[in-house]
Every structure is written in C-alpha cells, then in structure tokens.
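S.K.: just the structure for this:
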Amino acid sequence: MSRVLFAVIAALGLAACATPQANIAATGGAAAIQQEKNEQARLMLAQYKTDTKRLYDLVSPLFAAASDICAADKVGPTFGLFDVSTAEMYGKDYRAAAATELGVTDGLVVTFLAPDSPLAKAGVMPGDTLIAVGGKVLPPGRKGYRQFISQYTALKAMAPVDMTVSHAGVTGSVTVMLVIQPKLLLKYDAFNSDINAFADGEALIINRGLVRAFSSDDALLMVLAHELAHNCQRHIESQKTNRLIGALADGLVAAAGGDTGGAFASAGARAFSQDFEREADYVGLYYMARAGKPLGKAREAFRLLTIETGSSLNAAYGATHPSNPERFLRLQTEETEIQDKIAKGAALVPEKKK
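M.R.: Next up is the predicted model:
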C-alpha cells in the first residue's frame, strides 16, 4: 500500500470519528499557555522551597545529636547542613522559577542551609554565590558543583576554610569554622511522588510524596532520624558486603558449572535487612531524644505509612522491612527505655547486644 493511499484512508477514518459536543473554551493562545506554564513552575519551586526549609529545620538538630554516637568514618569536619546548586541542574522549564524563587544563576548558589550551620554563622545566606573555596575559583555550572563537593568531601582537618562569596552583587571574604557532624547531605526530590525516603551512605534522600503525606512533624522527624541512623550505623556498607559475600558463592557455583542466577547475591543483600530496619528505628529514636524532641508521636509514622500507602499489615516472607504494626509496638517499648534513662539522668546511648 502506497504512503499516499494510506494517508487518504487515515484521513477518511479520522473524519468519520465522533467529536466532542461541548463548546470548549479557547486558551488565549500559545503566549497565555506559556505564561501559565511559568506560573505553575514558580508555584512548584515555591512549594519546594517551603518543604525543604521544613526538612532542614527538622534534620539539623538530629545531626548535632548523632555526632558522638555515629560511626567514626561517618563523621568529620563539615560546613553543617547545606545545599548548593546551579541553573543547569534544573530542567529548562524550571530554570526561570529557580532564579525567581531560589536566586539560582549559572554560578554555584547556596540554596539552603541550616540557620545554626557553620556557613550561616560565617555570614553566608541563601542566594549567595560561592566564587572560590580555599583559594580555588569555582567554575560555573555542574563543573563548579563537582569541584566544590570534591573539596568538601576531602576536608579532614578542623582548620578554618576561607571562602569568597558574592552577596547581592557585592563580593567579599568569609571564614568558616568547621564542626564535627555526620558528613552527609540532605537531598529533597520534589519531583518524586512516591511515599518514601532512603539512605545511600552519603545522603538522606527524601521524596516529595513522603513530605506531602506526613503533615505531622513528629512522624516525619522519625523517618528522618531512621534514615540518618542507616547512614551512621553503616547499614548500606554492611548490605554491600553481604551482597559481595553472596556473589562470591554465586561465582563458586558458576565455576562448578552451575547457574544460580545471582540468587546468593540477592539473598546476601537481604540478609539481616529487617534487623537493620529495627536498629535504625531504635537508634533514630535515641537521636530524637538527644535532640530534645518529643517521642510520644514518633511511632505514629508507621500508622501513617499504612494509611497513606495501603501497605500490608504483615511482613511477607523475604520482606526487607518488618510490618508497620510491629515497628509501632517496638518503638513504644523503646520509648519507655529512653524515658527511664531520662528520669534517672543516665546517658542516652543505645544499648548494645551482650
């Protein structure tokens, strides 16, 4: 069949299709649509700014509280809790809104920082552009971001760090006095509606779906403390090690002519997964107590997870997480343990296996 004949048949078929009967209003044209598109992008970034500030206000005290009971290789000299970004890190549809709402440009801009962080105490403010760190000029764009993060993660000593910063178009120098805290970043994914949060060993990653679903700050704080505990207890590294051990078993079977399909590696990655989750709940609750946060409503996080996600009330065979009812009741018992220590003036340190 020729292309011309096919096009004629297709056109005749479309002409015969039923059409809507309502009198659909005009949009005002492409210019009006673009204007509304820009406004919706601005509203999205404004909400992102509000949500992220909420997360920073909640998480910052936890970082300070966890510092001396976090794994030694997970703490170090830090600028405190902060985030930086550059225009090209935003999709094209959102760059104008990022400039309006967050002050983002092609340079490396401080978008968020905790008010009690070393950066804030040095006089750095959201919207400031970092020009140089330790005498090294930061190039624009992602290259500047990568250079900055590389310098930051390489910090080992508590020596002050000199920075050149542009504030409202005026360039000046600041000296940042570092603190010892968990050397982790907080990443808020405003474009992910899954009700979820996770840790990757380097950052806490929080999805918009979780923040929007958890109106209770106490419940949200429990999730944040839980993910911080995953990092501080080195659970991610432990699971990688367990996966590697399983992969070695897969390799031995393969050398003998068998094929496990990676079953041992998968089993290794899941090994003790539920206990890692229980430990993160337990240690996270201690972080909250050490930060002076109320514990009574923290366990509501697991009721909210069931309500908002419709997740199973049972932990299926092979599940990576305990059931929400179990976690709720376990936290209730652990809260009593912590309250007893507070009443006795005892140190708020999680108990270890004997």
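S.K.: which residues of the stretch 201-350 of the chain fall in helices?
M.R.: In the stretch 201-350 of the chain, the segments counted as helices under DSSP state H, counting those that start in this stretch are 208-213, 217-232, 235-255, 263-270, 273-290, 300-309, 324-344.
S.K.: relative to Lys74, which of these is closest?
M.R.: Among those, the nearest to Lys74 by C-beta to C-beta is helix 217-232 (5.3 Å). For the C-beta atoms, the positions are set from N, CA and C on the backbone; glycine is no exception.
S.K.: what helix or strand is Leu62 on?
M.R.: Using DSSP states H and E, Leu62 falls within helix 30-66.
S.K.: quick one: that helix to helix 217-232, angle?
M.R.: Regarding helix 30-66 and helix 217-232, their directions subtend 70 degrees when assessed with axes from the mean of the first three to the mean of the last three C-alpha atoms, to 10 degrees.
S.K.: tell me which strands and helices helix 30-66 is in contact with?
M.R.: Contact analysis of helix 30-66 by 3 or more C-beta pairs under 8 Å, 6 or more residues apart in numbering; DSSP states H and E lists helix 95-102, strand 108-113, strand 179-182, strand 185-189, helix 208-213, helix 217-232, helix 273-290 as its packing neighbours.
S.K.: mean pLDDT, mean neighbour count and distance to Asp162 added to these, as TSV?
M.R.: Supplementary listing: the helices and strands packed on helix 30-66 in TSV, determined by pLDDT from 0 to 100; neighbours: other C-beta atoms under 10 Å; distance: least, C-beta to C-beta, whole Å:
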stretch	mean pLDDT	mean neighbour count	distance to Asp162
helix 95-102	95	19	25
strand 108-113	95	23	16
strand 179-182	94	20	17
strand 185-189	92	19	22
helix 208-213	94	20	35
helix 217-232	95	24	29
helix 273-290	95	21	32
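S.K.: figure out which of these is closest to Phe63.
M.R.: Closest approach to Phe63 among the helices and strands packed on helix 30-66 (C-beta to C-beta): strand 179-182, 4.8 Å.
S.K.: that closest one - contacts with which helices or strands?
M.R.: Counting contacts by 3+ C-beta pairs under 8 Å, 6+ apart, strand 179-182 is packed against helix 30-66, strand 75-78, helix 217-232.
S.K.: helix or strand with the lowest mean pLDDT in this protein?
M.R.: Counting by mean pLDDT, DSSP states H and E, the weakest-scoring helix or strand in the chain turns out to be helix 263-270, with a mean of 60.
S.K.: can you pull the buried residues of the helix holding Leu62?
M.R.: Of all the residues in helix 30-66, those buried under the rule 16 or more other C-beta atoms under 10 Å are 41-42, 44-45, 48-49, 51-52, 55-56, 58-66.
S.K.: got it, and stretch 110-127?
M.R.: Across stretch 110-127, burial judged by 16+ other C-beta under 10 Å covers Val110, Thr111, Phe112, Leu113, Ala114, Ser117, Pro118, Leu119, Ala120, Ala122, Val124, Pro126.
S.K.: what is the nearest of these to Ala316?
M.R.: For Ala316, the nearest member of those is Phe112. The distance, counting by C-beta to C-beta, is 38.1 Å.
S.K.: how about that closest one: what's its closest non-neighbour residue?
M.R.: Nearest-residue entry for Phe112: Asp83, 4.4 Å, with adjacent residues in sequence omitted and distances by C-beta to C-beta, 6 or more residues apart in numbering.
S.K.: close enough to count as contact, that neighbour and Leu113?
M.R.: Yes - between Asp83 and Leu113 a contact is recorded at 7.3 Å, counting by C-beta atoms under 8 Å.
S.K.: next, the angle from the helix holding Leu62 to helix 273-290.
M.R.: Computed by the same axes, to 10 degrees, the angle between helix 30-66 and helix 273-290 is 80 degrees.
S.K.: and helix 30-66, what's its mean pLDDT?
M.R.: pLDDT averaged over helix 30-66 equals 94, rounded to a whole number.
S.K.: contacting residues around the residue most central in space within the chain?
M.R.: Note on the chain: the residue nearest the mean C-alpha position is Ile205, at 1.7 Å, using C-alpha atoms, centre = their mean. For Ile205, the contact set (C-beta atoms under 8 Å, 6 or more residues apart in numbering) comprises Lys187, Asp189, Ala197, Phe198, Ala199, Glu227.
S.K.: need those in a markdown table (columns: distance to Tyr94).
M.R.: As requested, these are exported to a markdown table (distance: C-beta to C-beta, whole Å):
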| residue | distance to Tyr94 |
| --- | --- |
| Lys187 | 16 |
| Asp189 | 13 |
| Ala197 | 22 |
| Phe198 | 24 |
| Ala199 | 26 |
| Glu227 | 26 |
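S.K.: which of these lies closest to Ala18?
M.R.: When the contacts of Ile205 are compared for distance to Ala18, the smallest value, 41.6 Å, is given by Asp189; criterion: C-beta to C-beta.
S.K.: just give the closest residue to that closest one, not the sequence neighbours.
M.R.: Asn207 (5.1 Å).
S.K.: give me the number of residues near that neighbour?
M.R.: Using other C-beta atoms under 10 Å as the criterion, Asn207 is surrounded by 20 other residues.
S.K.: returning to that earlier point: closest to Gln34 out of the helices of the stretch 201-350 of the chain?
M.R.: Go through these one by one with C-beta to C-beta and the one that ends up closest to Gln34 is helix 208-213, at 24.6 Å.
S.K.: and the closest one, what other elements does it pack with?
M.R.: Contacts defined by 3+ C-beta pairs under 8 Å, 6+ apart place helix 208-213 against helix 30-66, strand 185-189, helix 217-232.
S.K.: wait, Thr27 sits on Ile33?
M.R.: Yes - between Thr27 and Ile33 there is a contact at 5.6 Å, judged by C-beta under 8 Å.
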